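S.K.: sequence-free structure coming up:
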């Protein structure tokens, strides 16, 4: 089975992030594999172990992305590919990333492509479906269970308040939701093996793409941190007085009634 994983390098949102001049300061920031993409890597490894084949992890980014790709290799992926756009693009968006990934994947004869449901930095959820559309293959998002029997695939996906079961066929692109699996930690032997596993680095020229072919369709106007939450207020006194005060506060300050 020929399995590909779409991986993104993201800020660790558990760490403090500094923003000024409409950009996030990368100096001193911690970067990780997008957590939803970790589910994708884990599921790809499990599929390979059950069905045979090979897992290739692909990412669009800069040379620093190699660290996250090596982590995926340490988890158990077989190969990694970095499409380095650092010298070619000043700005890119979901369209750019999807176009580059689809161009790389178009002749790879992938049986299944797995990505994260969303990236925790922008949460658009666009890249997976866009790639599938460009490759003209079916896709299913927010999956929590995946079973493959020959060329038949049965998928359970998360829908608001419930779940949905879909049957389809390969080739297929799916995006992983929390609950699909429990991603493994790279072991020490895995980390050592990852150093010797192939990691190919490509540029736009290698894909016969020009900068204008993947020009971003959107522009970021402003980047800012969410406002700090104010401390809560404790109402005191008789219950009837508290209710009256609460109604006044909701009306005059919160302006919700």
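M.R.: Thanks, I have the structure now. This is a predicted model, so every value here is computed, not measured. Numbers count the residues shown, from 1 in each chain.

S.K.: What's the first helix or strand after the lengthiest helix in the chain?
M.R.: In the chain, taking DSSP state H as the definition, the longest helix is helix 35-51. As assigned by DSSP states H and E, the chain's next helix or strand after helix 35-51 is strand 54-61.

S.K.: what angle do that following strand and helix 35-51 make?
M.R.: 160 degrees (axes from the mean of the first three to the mean of the last three C-alpha atoms, to 10 degrees).

S.K.: mind checking how far strand 54-61 is from the chain centre?
M.R.: On the basis of C-alpha atoms, centre = their mean, to the nearest Å, strand 54-61 sits 12 Å off its chain's mean C-alpha point.

S.K.: Show me what it is packed against.
M.R.: Applying 3 or more C-beta pairs under 8 Å, 6 or more residues apart in numbering; DSSP states H and E, we find strand 54-61 packed against strand 2-6, helix 35-51, helix 66-75, strand 79-84, helix 94-105. No exception for glycine: its C-beta is placed from N, CA and C like everyone else's.

S.K.: Now do the buried residues in it.
M.R.: Within strand 54-61, the residues that count as buried by 16 or more other C-beta atoms under 10 Å are 55, 56, 57, 58, 59, 60, 61.

S.K.: Now tell me which of those the prediction trusts least.
M.R.: Lowest pLDDT of the buried residues of strand 54-61: residue 61, 92.

S.K.: Next up, the contacts around residue 227.
M.R.: Residues near residue 227 by C-beta atoms under 8 Å, 6 or more residues apart in numbering: none.

S.K.: Next up, phi/psi of it, please.
M.R.: phi -60, psi 150 (degrees, to the nearest 10).

S.K.: Where does pLDDT dip in this structure?
M.R.: 22, 26 (pLDDT under 70).

S.K.: contact partners of the lengthiest strand in the chain?
M.R.: Counting residues, the longest strand found in the chain (DSSP state E) is strand 139-149. For strand 139-149, the external contacting residues (C-beta under 8 Å, 6+ apart) are 1, 43, 47, 50-51, 112, 117, 125, 128-129, 132-133, 153-159, 163, 166, 168, 170, 172-177, 179-180.

S.K.: With that, I have no additional questions.
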